[in-house]
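In: sequence first, then the predicted structure, then my questions.
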Amino acid sequence: MRHKFLIATMPIPGHVAPFVSVARELLRRGHEVVWYSSAFFKDKIEASGARFVPIREGIDFGDSQYDCHFPERAKFHGLKQVVFDFEKLFVGSIPGMAQDLRAILRDYPADALLGDPAVAAARILSDTEGYPAAILNVTVLSFQSRDLAAFGLGLPFNNSPLGRLRNKLTYLLVDHVVFRPVNRAYRALAKQHGWPVRPFRPAVSNYLHLQPLVPDFEYPISDLPAQLHFIGALLPDAPTRFESPAWWDRVIQSGRPVVLVTQGTIATNADELIRPTLEALAGDDVWVIATTNGKRADELGFAVPDNAFVEPFIPFVKIMPHVAVYVTNGGYGGISIALAHGVPVISAGVTEDKSEVGNRVAHSGVGINLKTNRPTVEQVRAAVRDMMSQPRYAARAQVIKAELAQHNAAGEGAALLERLAQTRKPVLRVV
């Protein structure tokens, strides 16, 4: 049976990329897909085959220039910046996105909605107008669980009796203290528009929640909702045309270990992670490949050692099979690609969701969490050498790789979405 799906994603690169393969698979199965998102991702979305509809109301910050759209954002760091982003980017986007989605649905009566977890407008339409809405998560698993502390605090896992008491109290702390401005902003909008009033924090879809990766990367949570399904790694397509850099053959064929370091797509200050990594490994018998999300080597403002190469962009699916250690500021997408190739991870970052991602890296045993945006040269050097000398990290990464290889993430996600569109009821795991 042919179904109509409406995808809605926030104007953030990491919130768009995971949906491409799912959209393509739905289309391959004969369904119709309309995708609502940033005009900056129009080409990427249309390349999937979906029909693109742009954000019309509200700010389209898909250019990733968040500090330009919200100048006061630069004043905040760490958890305070997370709170700012939730209030201004996520809560602030709800009215415009809800208006846009209603306009789309008037002409395109979708059988099911699929949104990223930050598109609260999709859940609001589900609650108020009855549309079955699924979530495809773009980061680590988070919801109100007796085994989990509230998302954003970066607290380590603890499911002991005392830990569960701590966890319970953290939701009060987040709702009424840390994220008080966020909840105040959402509550005002909800009362104004007649929406359900609830704490504004990550939650599982009432209908279908698609969680990338596998349980082994997550904490052992005892109260997983039945509508939550782990589907494996959603990887980007390998580029059909890839013009390798001049150094490519020299590095790949040398036999020396390759360390890949990336600054990410939101926190892009190369002084934070790329610079200390290059300095830490200068002169070591390794190659260091750095990706900057736009800047060339001569634009960084610091010297590049002889054993390092800097590129604005390299397709990770091309370079990762040759990487021994991946150094990252904690982006979930990049870590997913690394684990799909069995590459251990050094995670450094505390903005956005990165403290939570880094905690999973350490807890699952696939790597080291440096717990800072700006690690010192000594911290990076010690972490890389520890990872090179201790096989347990690579061994755990290989275990996750083997588990991920048992999944076809796009196929599993599409099949579950078909069940949702057909039944319009929660899609539950078979236990």
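Out: Arrived safely, thanks for sending.

In: what is the least confident helix or strand in this protein?
Out: Ranking every helix and strand in the chain by mean pLDDT, DSSP states H and E puts helix 79-85 at the bottom, with a mean of 84.

In: ok, the residue of the chain positioned farthest from its centre to residue 308 distance?
Out: Note on the chain: the largest C-alpha distance from the chain mean falls to residue 283, namely 33.5 Å (CA atoms, centre = their mean). For residue 283, the distance to residue 308 equals 10 Å [CB to CB, to the nearest Å]. Just so you know, the C-beta spots here come from the backbone N, C-alpha and C atoms, and that holds for glycine as well.

In: ditto for residue 82
Out: With the distance defined as CB to CB, residue 82 ends up 31 Å from residue 308.

In: out of the two, which sits in the busier spot?
Out: residue 82 (25 against 22; other CB atoms under 10 Å).

In: correct me, but that one touches residue 150?
Out: No: the pair residue 82 / residue 150 is not scored as a contact, 11.6 Å apart, by CB atoms under 8 Å.

In: rewinding a little: buried ones in the least confident helix or strand of the chain, by neighbour count?
Out: 79, 81-85 (16 or more other CB atoms under 10 Å).

In: check stretch 174-194 too.
Out: Buried residues in stretch 174-194 (16+ other CB under 10 Å): 174-175, 178-179, 182-183, 185-187, 189-190.

In: and the residues you listed, which of them are in helices?
Out: 182-183, 185-187, 189-190 (DSSP state H).

In: what's the closest of the residues you listed to residue 333?
Out: residue 182 (24.2 Å; CB to CB).

In: in a strand, the residue farthest from the centre of the chain, correct?
Out: No: going by DSSP: H, G, I helix; E, B strand; the rest coil, the assignment for residue 283 is coil, not a strand.

In: for the stretch 251-400 of the chain, what spans make up the strands?
Out: Taking DSSP state E, counting those that start in this stretch to define them, one finds strands in the stretch 251-400 of the chain at 258-262, 287-291, 308-311, 325-328, 345-347, 367-369.

In: could you chop this protein up by domain?
Out: What automatic domain parsing lists as the domains of the chain is 4-233+407-423, 248-404.

In: let's have the ones you listed in CSV, adding distance to residue 242.
Out: Below are these laid out as CSV (distance: least, CB to CB, whole Å):
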stretch, distance to residue 242
domain 4-233+407-423, 16
domain 248-404, 6
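
In: check contacts around residue 378.
Out: Applying CB atoms under 8 Å, 6 or more residues apart in numbering, we find residue 378 in contact with residue 280.

In: ok, now the one 3 residues further on?
Out: Residues touching residue 381, when contacts are defined by CB under 8 Å, 6+ apart, comprise 280-281.

In: the closest residue to residue 329 other than its chain neighbours and residue 16, how far apart?
Out: Distances taken as CB to CB, 6 or more residues apart in numbering place residue 349 nearest to residue 329, at 3.7 Å, with adjacent residues excluded. According to CB to CB, residue 349 stands 20 Å off from residue 16.

In: who has more neighbours out of those two?
Out: The neighbour comparison of residue 349 against residue 16 (other CB under 10 Å) goes to residue 349, with 27 against 23.

In: from residue 108, how far out is the more buried one?
Out: According to CB to CB, residue 349 and residue 108 sit 38 Å apart.

In: reformat the strands of the stretch 251-400 of the chain as JSON lines; add mean pLDDT and distance to residue 164.
Out: Shown next, in JSON lines, are these (pLDDT from 0 to 100; distance: least, CB to CB, whole Å):
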{"stretch": "strand 258-262", "mean pLDDT": "96", "distance to residue 164": "36"}
{"stretch": "strand 287-291", "mean pLDDT": "95", "distance to residue 164": "40"}
{"stretch": "strand 308-311", "mean pLDDT": "92", "distance to residue 164": "46"}
{"stretch": "strand 325-328", "mean pLDDT": "97", "distance to residue 164": "31"}
{"stretch": "strand 345-347", "mean pLDDT": "98", "distance to residue 164": "26"}
{"stretch": "strand 367-369", "mean pLDDT": "98", "distance to residue 164": "23"}
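
In: can you redo these as JSON lines with distance to residue 409?
Out: Listed next are the strands of the stretch 251-400 of the chain as JSON lines, based on distance: least, CB to CB, whole Å:
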{"stretch": "strand 258-262", "distance to residue 409": "22"}
{"stretch": "strand 287-291", "distance to residue 409": "23"}
{"stretch": "strand 308-311", "distance to residue 409": "27"}
{"stretch": "strand 325-328", "distance to residue 409": "20"}
{"stretch": "strand 345-347", "distance to residue 409": "19"}
{"stretch": "strand 367-369", "distance to residue 409": "21"}
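
In: just so I know, which of those strands lies nearest residue 278?
Out: When those are compared by CB to CB, strand 308-311 sits nearest residue 278, at 5.0 Å.

In: which strands and helices sit next to that closest one?
Out: In this structure, strand 308-311 packs against helix 274-281, strand 287-291, with contacts taken as 3 or more CB pairs under 8 Å, 6 or more residues apart in numbering; DSSP states H and E.

In: thank you kindly, that will do.
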